[in-house]
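*Asks:* here is my input; please provide its structure:
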Amino acid sequence: MPECERARVLIWKLLRHPSFKAYAALVSVCFFWGTTYLAIRMALESFPPIAMVAIRFTISGGLMLVAARLAGAHLPRGRELLVSAFTGILTLGVGNGCLVFAEQWIASGLAALFITVSPFWMVGMEAMMPGGERLHRLTILGMLVGLAGTMLLLSSGAVQEDSGGGLLWGFLVLQMGSLGWAAGSIYQRRQPARAHPIVTGAFQQLAAGLAFGLLALLVPERPIVPGVRGVAALVYLVIFGSIVGYSSYIYALSRLRVAVVSIYSYVNPVVAVILGWLFYREPFGAREAVAMAIIFLGVGIVKRYGSKGDVRPRSAAAGASQK
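*Replies:* Alright, predicted model coming up:
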């Protein structure tokens, strides 16, 4: 059989594989959510932080709800609607809002690395909840390993290079965002829900967008200065960060094991670091590379030993991070 014919047959078999679409969706999540860090930095060139979060999630949540309505999907009502709105403000409003604020002070790739330790907040808060899983020794070890990598990024040399103090402030704000994301995710996971996770996510996005829209009216910010790159980045965040990325995540999560889907959390920072260097020449040297490897090791240990089983969360917010 000629090589070209053999390749054609191989591609045909791959396309017809039952899990092909699920893995394609996972690849989409790995790439698009990794690019959102760069897109946020670009969008900040034209939009102030609060306004950017408000516009992004109001549009993406509204469009997803219109699509859900046209598809005849069940829409949450009453308490379920209030829970979706509340958790949306926590996970997406606080979580993503803190990321946007932090990227005013630190590089997008560095922000992605700091967010990688978000699972530590999740397992820590879960352990403090009634009936939550207690921390095991290996889980604590993984958290300590990951924190050691984080401290390497915040080492004296790095802080001295950043004379303005933005590195430390960015780190602290991102931890506030991770705390909000973890709290909202855990609360959402413990609530009964009838709506499809994509519909719940749409309400979460819309609630976060409207809440930040109100905040934008109350808090003075620098004016919006529309630019081609900034506006294009915001459109990209709406389409590929919120709608395509979120829907792909839900699809992959519904057909693949959580342990497989969670690989995106390792790929996203790598994509963010590469793009940050390509577009903004964000510094990335030996110290950052070693810190990344240590953080990944710690997160891997926590994910391996920090959960009772391979259980799919009730909403994407329970498994995703603040993109």
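
*Asks:* what are the C-alpha coordinates of stretch 281-297, in PDB please?
*Replies:* Coordinates of each C-alpha in stretch 281-297 appear next as PDB, following Å, rounded to 0.1, in the frame of the first residue of the first chain:
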ATOM      1  CA  ARG A 281       9.200  39.200  25.300                       C
ATOM      2  CA  GLU A 282       8.100  38.400  28.800                       C
ATOM      3  CA  PRO A 283      11.200  37.100  30.700                       C
ATOM      4  CA  PHE A 284      11.400  33.300  31.200                       C
ATOM      5  CA  GLY A 285      14.700  31.900  32.400                       C
ATOM      6  CA  ALA A 286      16.100  28.900  34.300                       C
ATOM      7  CA  ARG A 287      14.600  30.000  37.600                       C
ATOM      8  CA  GLU A 288      11.100  30.100  36.100                       C
ATOM      9  CA  ALA A 289      11.600  26.800  34.300                       C
ATOM     10  CA  VAL A 290      12.700  25.000  37.500                       C
ATOM     11  CA  ALA A 291       9.800  26.600  39.400                       C
ATOM     12  CA  MET A 292       7.300  25.500  36.800                       C
ATOM     13  CA  ALA A 293       8.600  21.900  37.000                       C
ATOM     14  CA  ILE A 294       8.400  22.000  40.800                       C
ATOM     15  CA  ILE A 295       4.800  23.400  40.800                       C
ATOM     16  CA  PHE A 296       3.700  20.800  38.300                       C
ATOM     17  CA  LEU A 297       5.100  18.100  40.500                       C
END
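
*Asks:* buried set for it?
*Replies:* 282, 284, 288, 291, 292, 294, 295, 296 (16 or more other CB atoms under 10 Å). Glycine gets a C-beta too; all of them are placed from N, C-alpha and C.

*Asks:* measure the third one to residue 227 for me?
*Replies:* Right, the one you point to is residue 288. To residue 227, residue 288 is 29 Å away according to CB to CB, to the nearest Å.

*Asks:* before we move on, what about residue 54?
*Replies:* 18 Å.

*Asks:* can I get the strand or helix carrying residue 186 in CSV, CA atoms only?
*Replies:* Element membership for residue 186 (DSSP states H and E) is helix 166-189. Coordinates of the C-alpha atoms in helix 166-189 are reproduced here as CSV (Å, rounded to 0.1, in the frame of the first residue of the first chain):
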residue,chain,number,x,y,z
GLY,A,166,4.0,44.4,41.3
LEU,A,167,5.2,40.8,41.5
LEU,A,168,4.1,40.4,45.1
TRP,A,169,0.9,42.3,44.6
GLY,A,170,0.0,40.3,41.5
PHE,A,171,0.7,37.0,43.4
LEU,A,172,-1.5,38.1,46.4
VAL,A,173,-4.4,39.2,44.1
LEU,A,174,-4.3,35.9,42.2
GLN,A,175,-4.5,34.0,45.5
MET,A,176,-7.6,36.0,46.3
GLY,A,177,-9.0,35.0,42.9
SER,A,178,-8.1,31.4,43.5
LEU,A,179,-9.9,31.5,46.9
GLY,A,180,-13.0,32.9,45.3
TRP,A,181,-12.9,30.3,42.6
ALA,A,182,-12.4,27.5,45.1
ALA,A,183,-15.2,28.7,47.4
GLY,A,184,-17.7,29.1,44.5
SER,A,185,-16.8,25.8,43.0
ILE,A,186,-17.2,23.8,46.2
TYR,A,187,-20.5,25.5,47.0
GLN,A,188,-21.8,24.8,43.5
ARG,A,189,-20.8,21.2,43.6
